[in-house]
Structures are given as C-alpha cells and as structure tokens.
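Visitor: Model the following, please.
(2 chains)
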Amino acid sequence: MVRVRFAPSPTGYLHLGNARTALFNYLYAKHTGGKLILRIEDTDKERSKKEYEDMLLDDLKWLGIQWDEGVDVGGEHAPYRQSERTEIYKEYIQKLKDSGHIYKCFCTPEELEAERKKALAEGRPPRYSGKCRNLSQEEIKKLEEEGKPYVWRFRVPDGESIVFEDLIKGVVEINVNDFGDFVIVRSDGSPVYNFVVVVDDALMEITHVIRGEDHLSNTPKQILIYRALGFKEPQFAHLPIILGEDKSKLSKRHGAVSVRAFREEGYLSEAMFNGLALLGWHPKDDREVLSKEELIQEFDIKDVHNAPAVFDRAKLKWLNGVYIREKLSLEELTKRAIPFFEEAGYKGDFEYYKKVMEAIRDSIETLKDIKERAKPFFVDKFEISPEAEEVLKQEKALDVLKQLYKEIEGMESITKEEFKKITKKIQKELGVKGKALFMPIRVALTGETSGVDIAVLVETIGVDRVKERVKRVLDRLG
RNA sequence: GCCCCCGUCGUCUAGCCAGGCCUAGGACACCGGCCUUUCACGCCGGCGACACGGGUUCGAAUCCCGUCGGGGGCACCA
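Guide: Numbering: from 1, shown residues only, chains lettered A, B, ... in the order given. Modelled structure (predicted):
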C-alpha cells in the first residue's frame, strides 16, 4: 500500500509550489489506491503559527485535496503535529546517542560562522570541521562544568557515497564528504528537521517521499539517519521547482503566489486543481482540460517532467475561463459568484444574479471580472467613456436612440425577441445596421463600446431601466 | 567556491529511456480570417523551438564527451 505525505510548515500561506507538491502527493495516492497523510512540521518555534496552520488546511480543502490521516482527522500514527511528538523524538535521539552516531559539539555560532567565512574565502566548501568530533571524556566534562551549551552532531562516515534512485531524477549519487557532521539536536534540546522528518516518515510508514527539488541535497543526510536508526528507506521523488517570470524560484517577488490570493482573485478551485497538475506533468494524450477524476486516473509520478517550469499565469487564466463558461452549472457558478457580486456592491437576489451570470459567463475569465462585466446590470447612472462619446457623435446615432425610445415608450415589459424586432424595424426605417445601429444603443445603455449582448441586457434589466437610460442620453444631447 | 539537478516554440509541454514514423506534435499568448445586424463564445489559419561544439552511426532532438547557460543546495530554517 502506497503511503505518501504532505508536510508543510505553518509559516505562511499555502504557496503555489507547495500546493502542487500536495496535489501530486494526493494524485499519486488516489491513483494507486494509497493514502495521503498530512503532517504539520512546526519544529521552528520562531516562525510557526497556529493561524497559518488553519489557513493551510483551509486552502488545501478548498483546492479539493483530502487526506486520509493527519492533524484534524487523526489516524493510527497520531499525533501529526511535530510539536506534539517530542517524546517520540527523544527516544530516537537516545538511540543515536547509545549507538554513538551523534556527539556533543560545543562550538559557538560565532566560531562556526567565522569558520564558514574562512572556508569560503579560501575556496573550500563551507562545512563543519569536525573540531569536537573526538573530544576526550575529560574535555567534555570540563566544558560541561563550565556550563557551555552544546548541540548534538551526526558523525558522518568519511568518504562514503550515497546512491539512491529518485523516481523523477533517476540515479543520484552524492559523496557525504560534501557536507560535514550536521546538527541533529539544537542547544535548546530540540531536534532538527532532517532528523524529525526521518523519524516521522519511518514511523508513519511513508513509502514514497514526494517533495520539492530543494530537498534533493538533504536526502543523503536523511538516508544516513535512516540507516543509523535501522529504518527502511522510502522511495524518493523530487519535483522540479516552480519558477517565476525571471526564472528564479517562484516567490512573493513574482506577485500573487498563494492559493489564497488566486482564490480571492476569482479563480475556481477546479481550474486551480487542473492548472497546478499541468505544471510539470501532463497526460499521455494532448488533453489540457481534465477533471479531478481524470487526473487521478491518468497521473503517474514517473511522467513528471524533470526540468523546472516557469509558472504560466496566462494559461491558468484561460483554464479558469474554460471552467467558468463550460464546466460548472449555472447554478453552481452563481453560488460561487455571490461574494464577488457583493464585493462589487451589486445588490440583487439569486435569480437575478443567475440571469446576469448566464449573460456574462462567456466573456469573463475570473470571478473578479464580474465587477466590470456585470456593471450595466446594476448601475444605472454611469459615466460615458470618451470613445463611447465619439459614437454618439456619429451620424444617425441620435436618430437611432430617438426611434428606439419611441418604440419602447409605451411598453411595460420587453423580451430579447421583441427587442430584436424593434432593432430590425429601426434598421429598415433609418437604413442603418450593424455597428451604426447597435453601438449608439450600447453606449446609451452601458456607457461603453464593448460589453455584453445588448438584447440580453435589455431583457434582463427590463424596459423601464432601458427607457430611463436612453432618455438620459437624449435629454443631454437631443 | 564546492556539490547536485536541469536545458525542445515567448510560456506550459509531447517526442528522448528501447536512434529512422520529426520537413519536431499539442496548448496558452500574439497576429490574421470566418461566424455574428452589437459583444462575447466558437471555428479556421499564421508566427514560432531541438543552447552550442565535437564525436558514435548509413541515420541523432533522441546515445557519449565537452562548453555555455539556468536553477537548487551547502544553517542550532523547513
């Protein structure tokens, strides 16, 4: 049984890169009939916050990623929050002490920093020198009596090459001499990431560690710990990282990069799910629009592209448009749109919103576009744009409006069909058609030269508001 | 500096492992046209890439070597 995990640290919003990692883990678990475990890595007490954890969970759920075991659902390997697993870590730290895999190091951060700088300046790799590695019992005793703080370091075997097969990268070989003896326990007694991640993954019986490529160089250290503790090593799969426009690792510098931000920008979770899946992976055929079920069906970790990918905002936007106009039912789409109507200050009941959505769904790409596109359905007193003003100066523009007003003046209601008949009639009587006919009406009704279908607008806002708007223009110009 | 990963249209990618089916396929974006009495949607078409240099081979985007370029890592962060 495949068991994978997503293990974010609650130090901020859910970043797109992490979201994709979570998604690939989810997809792989579902594809193989395995389980997804959600673990919170909050060993960094400085930066971890419970609010962030809540946000993370919320964003994950919104995206449509469900986990089988984890912080809020529990499971047989609970607890799933690292800050609650300290007793467990103590036990395994003790094992490493007993087996002699770790030793006390009394070097101060200042000493280490100086050492690092010196190494860099001399062109040597900045690694720990191993100064405290062979301290005698007396020396240790003396330093302890002086009350000097110490950390525990892992005794890295000299010259050994760690080879592992990465499901995405292939065979990776790293010589342990590239890094020095690394810290396992901080001076405050808390264990460090590289150690706890191994203990947790092993105890939670994780079979496949699927994570970002930035963890690739940590892997040999972790493998060393797996071996020291006698744990079975999982399979590793390192996902290429996601880049910004400038080809550096995607970060806040590149604008909105959190799932939350896209959600607030009016992206649909289905489109995000689909779009994220396509970042570094794609199906055997040429399909681009795939449902969650199809993605689960098709996904395989082996098909993940191994080069880093620049995040394609334009394509995500297009995809979102596809979901808005084709994939969701009008009912569902309207439900999701309500907050955006409200935010824009457009008041109406559900049925009215629904009519508006039906009219504009073909021409918007995010729900935030509602503000612009739905304006004529809600705002009666609007400014007329400069280009629109030009339209009104055209020959026969006012005649069209006068004629239209005359036709609808006595009407109590109007349908699309009736409106079309009227425009037909005006066309015959005045000899104008196409833009010359529709543009003046559009401008009078919306103040803009482009927008929704006029007939639909007319039917939706009703004849009285049409009269009012046409009259306003006529009073001013005619 | 050292280690690791990567390099196909502007972008996401197919093809590479098992060399010929590739005058390199799809998608986004962009440009043009069609449909439409308006606006969109849609449809059709165009532009556009194997980083470079050596090999191996009858034949290389695909295999090998080198160069260049990009990225990641080298913490008492995760």
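
Visitor: Would you map the strands across the stretch 201-350 of chain A?
Guide: A:208-212, A:235-239, A:242-243, A:309-310 (DSSP state E, counting those that start in this stretch).

Visitor: Leaving out sequence neighbours, find the closest residue to the residue in chain A sticking out farthest from the centre.
Guide: Distance to the chain centre peaks in chain A at residue A:429, reaching 56.4 Å (criterion: Cα atoms, centre = their mean). Take residue A:429 and drop its neighbours on the chain: the residue closest to it by Cβ to Cβ, 6 or more residues apart in numbering is residue A:403, 6.6 Å away. All C-beta spots, glycine's among them, are computed from the backbone N, C-alpha and C.

Visitor: could you dump the strands of the stretch 201-350 of chain A to TSV with distance to RNA strand B, mean neighbour count and mean pLDDT?
Guide: Shown next, in TSV, are the strands of the stretch 201-350 of chain A (distance: least, Cβ to the nearest atom of the strand, whole Å; neighbours: other Cβ atoms under 10 Å; pLDDT from 0 to 100):
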stretch	distance to RNA strand B	mean neighbour count	mean pLDDT
strand A:208-212	8	22	95
strand A:235-239	7	22	94
strand A:242-243	6	22	90
strand A:309-310	3	16	92
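
Visitor: could I get these as TSV with distance to residue A:459?
Guide: Formatted as TSV, the strands of the stretch 201-350 of chain A follow (distance: least, Cβ to Cβ, whole Å):
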stretch	distance to residue A:459
strand A:208-212	52
strand A:235-239	50
strand A:242-243	45
strand A:309-310	44
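
Visitor: Would you tell me which of those gets closest to residue A:68?
Guide: strand A:208-212 (14.4 Å; Cβ to Cβ).

Visitor: what are the ranges of the helices in the stretch 101-250 of chain A?
Guide: Here the stretch 101-250 of chain A has its helices, by DSSP state H, counting those that start in this stretch, at A:109-121, A:137-145, A:193-203, A:219-229.

Visitor: Can you give me the domain boundaries for chain A?
Guide: According to automatic domain parsing, chain A comprises the domains A:3-82+A:242-310, A:85-239, A:331-376, A:386-477.

Visitor: Could you dump these into TSV and include distance to residue A:325?
Guide: Below are the domains of chain A laid out as TSV (distance: least, Cβ to Cβ, whole Å):
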stretch	distance to residue A:325
domain A:3-82+A:242-310	11
domain A:85-239	31
domain A:331-376	5
domain A:386-477	13
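
Visitor: Of the ones you listed, give the one that comes closest to residue A:321.
Guide: Going by Cβ to Cβ, the one of those nearest residue A:321 is domain A:331-376, 3.9 Å.

Visitor: Wondering if that closest one reaches RNA strand B at all.
Guide: Yes: residues of domain A:331-376 are located near RNA strand B by Cβ under 7 Å from any atom of the strand, namely A:362-363.

Visitor: From residue A:466, how far out is the nearest residue to residue A:381 once chain neighbours are set aside?
Guide: Leaving aside its chain neighbours, residue A:381 sits nearest to residue A:472 (7.9 Å; criterion: Cβ to Cβ, 6+ apart). Residue A:472 sits 11 Å away from residue A:466, going by Cβ to Cβ, to the nearest Å.

Visitor: Those two: which has the busier surroundings?
Guide: residue A:466 (23 against 15; other Cβ atoms under 10 Å).

Visitor: Confirm for me that that one is in contact with residue A:409.
Guide: No: contact criterion Cβ atoms under 8 Å: residue A:466 and residue A:409 do not qualify, at 10.5 Å.

Visitor: Give me the pLDDT value at the residue nearest to residue A:381.
Guide: pLDDT, residue A:472: 92.

Visitor: thinking again about what came up before, from RNA strand B, how far off is the residue farthest from the centre of chain A?
Guide: Separation of residue A:429 from RNA strand B (Cβ to the nearest atom of the strand, to the nearest Å) stands at 12 Å.

Visitor: What are the contacting residues of the one helix or strand that residue maps to?
Guide: Residue A:429 belongs to helix A:416-430 when assigned by DSSP states H and E. Under the criterion Cβ atoms under 8 Å, 6 or more residues apart in numbering, residues A:396, A:399-400, A:403-404, A:407-408, A:411, A:432-433, A:437-438, A:441, A:454-456, A:458-459 lie in contact with helix A:416-430.

Visitor: and those, which are buried?
Guide: A:396, A:400, A:403-404, A:407-408, A:432, A:437-438, A:441, A:454-456, A:458-459 (16 or more other Cβ atoms under 10 Å).

Visitor: of these, list those near RNA strand B.
Guide: Okay, of the buried ones among the contacts of helix A:416-430 touching RNA strand B (Cβ under 7 Å from any atom of the strand), that's A:437-438, A:454-455.

Visitor: and stretch A:63-81, what's its mean pLDDT?
Guide: 94.

Visitor: can you pull the buried residues of it?
Guide: Across stretch A:63-81, burial judged by 16+ other Cβ under 10 Å covers A:63, A:65, A:67, A:69-71, A:75, A:77, A:80-81.

Visitor: Give the other helices and strands that the lowest-mean-pLDDT helix or strand in chain A contacts.
Guide: Among the helices and strands of chain A, helix A:109-121 carries the lowest confidence by mean pLDDT, DSSP states H and E, at a mean of 81. Judged by 3 or more Cβ pairs under 8 Å, 6 or more residues apart in numbering; DSSP states H and E, helix A:109-121 is in contact with no other helix or strand.

Visitor: Quick one: low-confidence residue ranges for chain A.
Guide: Under the criterion pLDDT under 70, the flagged ranges of chain A are A:123, A:478.

Visitor: Regarding it, what is its longest helix?
Guide: helix A:16-32 (DSSP state H).
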